[in-house]
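# mind folding the following:
(2 chains)
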Amino acid sequence: MELIAERQVPQWAPGIAPGLTVIIPAYNEAEGIADTVRSLQEQTLPPLKIIVVDDCSSDGTGDAARAMGVHVIRPWENTGSKAGAQNYAMPLVETEFVMAVDADTILAPDAIEKLLPSLDDPEVAAACGFVLPRRVETVWERGRYVEYMLAFNFYKPIQDLYGKPLISSGCFSVYRAEHLRAAGGWSIRTMAEDMDLTWTFYEKGLKVRFVTEAVCYPIEPHNREFMSKQLKRWSHGFIQNVSCHWRDVLHIPYLRLVIAVAFWDALIATILYLCVLPLLAVLVDPRFLLGYAIDAPAMLLPVIVGAGKRREVRKALASYPAFYVLRLVNSWFMLKAMWLELVMRKPLLVYEKGH
Amino acid sequence: MNAGLPGAGIGGLFFVICALLAPLFEFVRVLRGRSSVERRRRVAHQFFLAVGIIILVERAFFLFALLGDSPGQGTSTAPLGGFRLPLAPVLLSLGVLVLVLGLTSFLSLFKSQGRPPQHLRARPDLPFSEPEQDEVFQEV
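Sure thing, here's the model as predicted:
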């Protein structure tokens, strides 16, 4: 079988990222793949090559991508996961840097230009950017919008100041190809390949960066069904990664503390949310229900400050209650995942898309 | 993706403390010549966010107390020169946080042994470990 001939990537701008290949794993993404590719082609610093991995889609994703003039490859059978699709494209990567972008994600026009310089240091293996939902309409999208505003305005910049962002987000990250290959690519052993890869880099003594100014806009799950799939995958993925890495990350200062605190909250806060607070409200005092929102003032400030920079304060305020709905649902999935993974030893093995 | 439950539990407190301590660590970096204006700007931004969070929480509890509607009123709300924070939950959260961080740091003193669980052990057979492109790619 002859390998598809390399297509010429047009020179969209005078400057072009000379050493960057973008991999877009795509399964039934015909509706949005053109927007994603276009946002890459219209970058102030466009990549040298864009590879779309059409993971045996049945909706014409490959044709839609090909019409945009990018390189399209298709495995013989569905790879079963985003990681599998991304790995499939790696032999075609000949550049110094490789970027992973989800097929439902568009980038701000200067996202690559802002993100790439963080890899000037050869010890930096990966860098990720700021993530914001593209659509903020349903309660689920609104909840996610507030969650991201909080995480990317407060938690992640602090993690970066201490040199240990917890995750280089899978929807938009750039990697030094050499380190990515040495790490074995994107592992398919967990449901959260981005977390697995990030922690693997740290274990190898490499660095990961978070760049606030590099912004991307994914489409987040818009209804309960798709949000459930995503939360299930994320919660299982987190626990699988803790199970997999805890012995090694214990020796990495700061990262071990972030993971320990996240794990504690995932276990104890969920029990508190789902069991203790309702019981106390019924048996002792209904005002214990305030416990569900007792941290509202603490989280409001980073969200409002972040939204203010984007002139989205009204949207943030209107979305704020949805965050608590999402967190309550999230806590259920987290507790269930803990039970299944750690007690019942029934790991989640099937990768289901979030939309 | 996110890990855990953002905003819940001791995580929020942990990052507030990290932000408050960041200027100290940055000062050390300045002394070592490893700081930059950009980094100092980001440290200051996160530091003032953390300070703002504390003030906002304190004002919220102050408002609760004024309305006589604080769940912990009379037992856990302590005026500190006009600064009113519910001491019992704050101290409890701090205690739990110190316990979790202390236990984690204690565990790190020991050399880790053992392997990941069976189902997480195997690495995938990566197509690029031995690229044989004729076999790997389907013509499109």
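# please make it C-alpha for all contacts and neighbour counts, starting now.
Will do.
# next one: A:W332 from A:I271, what distance?
9 Å (C-alpha to C-alpha, to the nearest Å).
# comparing the two, which shows the higher neighbour count?
A:W332 (19 against 16; other C-alpha atoms under 10 Å in any protein chain shown).
# so which strand or helix has that one?
Using DSSP states H and E, A:W332 sits within helix A:313-338.
# tell me how far that helix lies from the chain's centre.
In terms of C-alpha atoms, centre = their mean, to the nearest Å, the centre of helix A:313-338 is found 17 Å from the chain centre.
# quick check: buried residues in it?
Going by neighbour count (16 or more other C-alpha atoms under 10 Å in any protein chain shown), the buried part of helix A:313-338 is A:313, A:315-317, A:319-324, A:326-338.
# which helices and strands does that helix pack with?
Applying 3 or more C-alpha pairs under 8 Å, 6 or more residues apart in numbering or on different chains; DSSP states H and E, we find helix A:313-338 packed against helix A:139-150, helix A:224-249, helix A:270-271, helix A:296-309.
# quick check: next helix or strand after the first one?
It refers to helix A:139-150. helix A:156-161.
# now the second one
Past helix A:224-249, heading to the C-terminal end, the next element that is a helix or strand (DSSP H and E) is helix A:255-264.
# can you list contacts of the lowest-mean-pLDDT helix or strand in chain A?
Scoring the helices and strands of chain A by mean pLDDT, DSSP states H and E places helix A:270-271 at the bottom, with a mean of 89. With C-alpha atoms under 8 Å, 6 or more residues apart in numbering or on different chains as the test, helix A:270-271 has contacts from A:331-332, A:334-335.
# report how many residues lie close to residue 29.
The chain I'm using is chain A. Neighbours of A:E29 under the rule other C-alpha under 10 Å: 23.
# not what I meant, chain B
By other C-alpha under 10 Å, neighbour count at B:R29 equals 14.
# again, but for B:L67
Close neighbours of B:L67, defined as other C-alpha under 10 Å, add up to 9.
# go on, A:A83?
By other C-alpha under 10 Å, the burial measure for A:A83, its neighbour count, is 23.
# just confirm it contacts A:S187, I think it does.
Yes - taking contacts as C-alpha atoms under 8 Å, A:A83 lies within contact range of A:S187: 6.4 Å.
# hey, what's in contact with both of the two?
In terms of C-alpha under 8 Å, 6+ apart, A:A83 and A:S187 are both contacted by the residues A:E193.
# so what touches stretch A:301-311?
Here stretch A:301-311 has contacts from A:146, A:149-150, A:153-154, A:313, A:315-317, B:49, B:52-53, B:56, using C-alpha under 8 Å, 6+ apart.
# tell me which residues of that stretch come out buried.
So for stretch A:301-311, counting by 16+ other C-alpha under 10 Å, buried means A:301-307.
# repeat that for stretch A:291-303.
Residues of stretch A:291-303 classed as buried: A:292, A:296-303 (neighbour count, 16+ other C-alpha under 10 Å).
# and it, C-alpha only, in PDB?
Provided in PDB are the C-alpha atoms of stretch A:291-303 (Å, rounded to 0.1, in the frame of the first residue of the first chain):
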ATOM      1  CA  GLY A 291     -22.700  24.000  52.800                       C
ATOM      2  CA  TYR A 292     -23.300  23.300  49.100                       C
ATOM      3  CA  ALA A 293     -22.600  26.900  48.300                       C
ATOM      4  CA  ILE A 294     -20.500  28.000  51.300                       C
ATOM      5  CA  ASP A 295     -17.500  28.500  49.000                       C
ATOM      6  CA  ALA A 296     -19.400  30.700  46.600                       C
ATOM      7  CA  PRO A 297     -17.700  34.000  47.600                       C
ATOM      8  CA  ALA A 298     -14.300  32.400  47.500                       C
ATOM      9  CA  MET A 299     -14.700  31.200  43.900                       C
ATOM     10  CA  LEU A 300     -16.600  34.200  42.600                       C
ATOM     11  CA  LEU A 301     -13.600  36.500  42.500                       C
ATOM     12  CA  PRO A 302     -11.300  34.500  40.200                       C
ATOM     13  CA  VAL A 303     -14.300  33.800  37.900                       C
END
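# under the pLDDT cut-off, which ranges of chain B? List them.
Low-confidence segments of chain B (pLDDT under 70): B:1-8, B:68-85, B:111-140.
# okay, now A:F210: neighbour count?
The tally of other residues near A:F210 (other C-alpha under 10 Å) stands at 28.
# hang on, the earlier thing: rebuild the contacts of helix A:270-271 as CSV, extending it with pLDDT.
Shown next, in CSV, are those (pLDDT from 0 to 100):
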residue, pLDDT
A:S331, 91
A:W332, 93
A:M334, 93
A:L335, 93
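# among those residues, which one sits closest to A:R74?
A:M334 (34.4 Å; C-alpha to C-alpha).
# next, count neighbours for the nearest residue to that closest one once chain neighbours are set aside.
Distance criterion C-alpha to C-alpha, 6 or more residues apart in numbering or on different chains; nearest residue to A:M334, sequence neighbours excluded, is A:S235 at 5.2 Å. Around A:S235 there are 30 other residues, counting by other C-alpha under 10 Å.
# how close does A:S235 sit to A:F201?
Distance, A:S235 to A:F201, using C-alpha to C-alpha: 21 Å.
# mind listing what's buried along the strand ranked longest in chain A?
Looking across chain A with DSSP state E, the single longest strand is strand A:207-218. For strand A:207-218, burial by neighbour count (16+ other C-alpha under 10 Å) applies to A:207-212, A:214-218.
# show me what that strand is packed against.
Helices and strands touching strand A:207-218, by 3+ C-alpha pairs under 8 Å, 6+ apart, are strand A:105-107, helix A:111-115, strand A:124-131, helix A:156-161, helix A:193-203.
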